[in-house]
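Colleague: fold the following.
(chains A, B and C)
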Amino acid sequence: MEAIYKEEAKVYFSRELLTWYRRIKRDLPWRMNQDPYRVWVSEIMLQQTRVDTVIPYYERFMNKFPTVRALAEAPEPEVLKCWEGLGYYSRARNLQAGAREVVERYGGVVPDDKAAVAGLKGVGPYTTGAIMSIAFNRPEPAVDGNVMRVLSRYFCLEDDIAKPATRVGIEKLAGSLIPEGAAGDFNQALMELGALVCTPKAPSCLPCPVMEHCEARLAGRETELPIKTKAKPPRPEKRVAAIISGTGANEGKILVRQRPETGLLAQMWELPHLLVPKEQEKIVDAAPETDGSTAAAGEWLTRSMEEETGLLIRPERWFMDADHVFSHIHWKMRIYLADLGALAGAAAAAAGSSLAAETAAAYEAGGKQIEYRWIGPEDMDTLAFPNLFIRILREYWT
DNA sequence: AAAACGGGGGG
DNA sequence: CCCCCAGTTTT
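Modeller: Okay, the predicted model is just below:
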């Protein structure tokens, strides 16, 4: 009896949700057509990112890279610049790697083949299902956070959705709900319901097309589900950065550098800065010096910057403090205005020969080539910076 | 299985 | 302000 009841609840759910979606679906830029490339780009952008945030990025990106081939052939820095501010920058690099793979292996055509799609860089289980169902109408589940929330509530599932095993179970369930011939619309309907109606907090049950048979709602438990263990708080890190102004040919410019190939904010540009070791955090615990002195932090900055980068700088005064929270790290940054005193070590030779040119200095740091460059406000239009440094530099040049 | 990986929105 | 959101890759 239970199984029969559940089967009817499933059929009801699929039918009502699909009908609802076809009536109210939003007119979004990636729903213009079913071009697999357009679907692919949208799904990558929509990972960890809300629809309203993605729309302007998507329009710009598709305008600049309209086809798989255009993306594959673009210089990587241009792709990164187009992604600037969206976060999780490896998504952009993986997307381009995937595009190059599609050009080389599949002649520039996204293959209508689950295993081939799943093998592309940056495409995991969710995105595979999204592309296969939306672009090719294949009956594959596409389980994102919205779907886990909706199904946890409708079927009153109490498994912890933070656990990978739970997602696998919900994928099986979601796959069994797909109506014949309507995979794309149904999967989008599930996500649309999660985004518009079955929201994380305070779901709007009254307009919900499947409220009548929603088990969580019937039990009055819709706000208790889904069950999810919460993440650890980000670890705090204190950092000191310098806005180093140039002289002579570099008058009016400041020194920035490019981050390493991999890791946090890979290949993004930034102000030179240093991690303050835990045992020395008292240096930046006090309120900033607003009287023009740079005191202890300035001296520590001078010494450590020379040790780590070979740049000999002279901090002049405190400029601002800035906080930036990542999912796993919390940067508390103190920023000083500084002059370039002189160059020492490996940086001296590199910078000495090119000081008149755009490039200021290159030096060896832990075996990796770090590029330094003098830039003016106009260079912000071509180099990709994380939001933290965009805020700081906008403030500086205002 | 857990950690790394950004940024934005809502209460 | 604090809390919440959440796919893929790497470890």
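Colleague: contacts and neighbour counts: CA atoms only from here.
Modeller: Will do.
Colleague: sketch out the low-pLDDT regions of chain A for me.
Modeller: A:1-5, A:292-294, A:342-368 (pLDDT under 70).
Colleague: would you map the helices across the stretch 201-350 of chain A?
Modeller: Taking DSSP state H, counting those that start in this stretch to define them, one finds helices in the stretch 201-350 of chain A at A:215-218, A:295-309, A:345-354.
Colleague: with the stretch 51-200 of chain A instead?
Modeller: A:51-64, A:68-73, A:76-83, A:90-106, A:114-118, A:125-136, A:145-154, A:164-177, A:183-196.
Colleague: what about stretch A:53-67 and DNA strand C, any contact?
Modeller: No: Stretch A:53-67 is not in contact with DNA strand C by Cα under 7 Å from any atom of the strand; minimum separation 11.5 Å.
Colleague: and for that stretch, what's in contact with it?
Modeller: Residues outside stretch A:53-67 that contact it (Cα atoms under 8 Å, 6 or more residues apart in numbering): A:28-29, A:37-38, A:41-42, A:45-46, A:71, A:74, A:82-83, A:86.
Colleague: what residues are up against the residue nearest to A:I329 when sequence neighbours are not counted?
Modeller: Take A:I329 and drop its neighbours on the chain: the residue closest to it by Cα to Cα, 6 or more residues apart in numbering is A:P234, 4.4 Å away. A:P234 sits next to A:325-330 when contact means Cα under 8 Å, 6+ apart.
Colleague: now do A:I254
Modeller: A:243-246, A:374-376.
Colleague: for it, name its beta-bridge partners.
Modeller: Using DSSP bridges, the bridge partners assigned to A:I254 are A:S245, A:I375.
Colleague: distance of A:R22 from A:C214?
Modeller: A:R22 is 20 Å from A:C214, where distance means Cα to Cα, to the nearest Å.
Colleague: more neighbours, these two?
Modeller: A:C214 (23 against 13; other Cα atoms under 10 Å).
Colleague: I figured that one hits A:S152, correct?
Modeller: No: A:C214 lies out of contact with A:S152 (Cα atoms under 8 Å); the separation is 9.7 Å.
Colleague: for A:M32, grab phi and psi.
Modeller: Main-chain dihedrals, A:M32, degrees, to the nearest 10: phi -60, psi -50.
Colleague: kindly report the same for A:Y372.
Modeller: Dihedral angles (degrees, to the nearest 10) for A:Y372: phi -110, psi 150.
Colleague: which residues does the closest residue to it other than its chain neighbours contact?
Modeller: Excluding the flanking residues, the one nearest A:Y372 by Cα to Cα, 6+ apart is A:R257, at 4.2 Å. Counting by Cα under 8 Å, 6+ apart, A:R257 touches A:269-272, A:370-373.
Colleague: many thanks, I have nothing further to ask.
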